[in-house]
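S.K.: Dropping a prediction and its sequence here:
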Amino acid sequence: MRTLELGSPGSLRDDLNALVLAGTKTATATLLTEYTEEGEELEFPGERLALLDNHGAVLAELDVTAVTTVPFSEVPWAFAQAEGEGYTDLDHWRRVHLGFWQDTEGRSVDETTPVVCLHFTRASSPAA
């Protein structure tokens, strides 16, 4: 089973994981270049992922429900809302994500940068 680590280690990851566990966060965005750099394939609908905490422990299992790749400027409002982080509009979502990707991760992002939009639900039972 592949794993999912949200945000960067520390309090951000704790906060994002808490939103997933509460059922508020059902989506996450990743730059396509991160998959390429890590030699990782995109997730696919029906795949089960292990959500990890800051120490590598499994907090929950997630079922992938949809995966799309769109330019940064075309991320839809419904997706931003599904991230469950309290964005007030798409401009707010864009500012927060640009800040994270550019300032925290040192990545170059513009309107055409491909973003992977991953939707998931918390698995009802562990994988067999």
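M.R.: Cool, the structure landed.

S.K.: What is the burial count for the closest residue in space to residue 73 that isn't next to it in sequence?
M.R.: Leaving aside its sequence neighbours, residue 73 sits nearest to residue 111 (C-beta to C-beta, 6 or more residues apart in numbering; 3.8 Å). Where C-beta positions appear, they are placed from N, C-alpha and C, glycine not excepted. Using other C-beta atoms under 10 Å, residue 111 is surrounded by 9 other residues.

S.K.: tell me the contacts of residue 111?
M.R.: 71-73 (C-beta atoms under 8 Å, 6 or more residues apart in numbering).

S.K.: One more: residue 79?
M.R.: Applying C-beta under 8 Å, 6+ apart to residue 79 gives the contacts 27, 29, 117, 119.

S.K.: and the end-to-end length of stretch 64-80?
M.R.: End-to-end distance of stretch 64-80 (C-alpha to C-alpha, to the nearest Å): 17 Å.

S.K.: I'd guessed residue 33 sits against residue 108; true?
M.R.: No. Contact criterion C-beta atoms under 8 Å: residue 33 and residue 108 do not qualify, at 9.1 Å.

S.K.: So which of the two has more stuff around it?
M.R.: For residue 33 and residue 108, the more surrounded residue by other C-beta under 10 Å is residue 33, and the numbers stand at 15 against 9.
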